[in-house]
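S.K.: I need the structure of the sequence given here:
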Amino acid sequence: MGLSDQPTCRGCKLEDETTLHVMCHCTSYATGRRRLLGGDEIPPDQIMQTSLKILLEFIECTE
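M.R.: Predicted coordinates:
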């Protein structure tokens, strides 16, 4: 999730690349999200309940 001049998601290229989109909804990262966070899409409140280690692993798979 590095910085980009373009607002469009680098994964799906369909929506704006926001933290919420990447962490919870982007279809391009569904496999990593399913493996590490338990679902293709996750509710935002689940992020707050997830360990930092798991969140960092997920962020690594988005780069």
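S.K.: any low-confidence regions in the protein?
M.R.: For the chain, the stretches flagged by pLDDT under 70 are 1-4.
S.K.: Now His21: closest residue in space that isn't a chain neighbour?
M.R.: Glu15 (5.4 Å; CB to CB, 6 or more residues apart in numbering). (C-beta placed from N, C-alpha, C; glycine too.)
S.K.: now the spatially most central residue of the chain, nearest residue through space, not along the chain?
M.R.: With distances taken as CA atoms, centre = their mean, Met23 lies nearest the centre of the chain, 2.5 Å away. Using CB to CB, 6+ apart and skipping residues adjacent in sequence, the residue nearest Met23 is Ile47, 5.7 Å away.
S.K.: How far does the helix or strand hosting the one you found sit from its chain's centre?
M.R.: Using DSSP states H and E, Ile47 maps to helix 44-48. Computed by CA atoms, centre = their mean, to the nearest Å, the separation of helix 44-48 from the middle of its chain amounts to 12 Å.
S.K.: Quick check: next helix or strand after that helix?
M.R.: Following helix 44-48 in sequence, per DSSP H and E, is helix 52-61.
S.K.: hmm, who's touching that next one?
M.R.: Among residues not part of helix 52-61, those counted as contacts by CB atoms under 8 Å, 6 or more residues apart in numbering are 1, 23, 29, 32-33, 36-37, 47.
S.K.: got the buried residues for that helix?
M.R.: 58-59 (16 or more other CB atoms under 10 Å).
S.K.: and if you look at stretch 10-26?
M.R.: 11-12, 17, 21-26.
S.K.: Ends of stretch 42-56, what's the gap?
M.R.: Using CA to CA, to the nearest Å, the end-to-end distance of stretch 42-56 comes out at 16 Å.
S.K.: sorry, that was for stretch 9-18
M.R.: 8 Å.
S.K.: what's the spacing between that stretch and its chain's center?
M.R.: For stretch 9-18, the distance to the chain centre is 10 Å (CA atoms, centre = their mean).
S.K.: How about stretch 23-36?
M.R.: 6 Å.
S.K.: got the contact list for stretch 30-41?
M.R.: Residues contacting stretch 30-41 (CB under 8 Å, 6+ apart): 24-25, 27, 42, 46, 50, 54, 57-58, 61-62.
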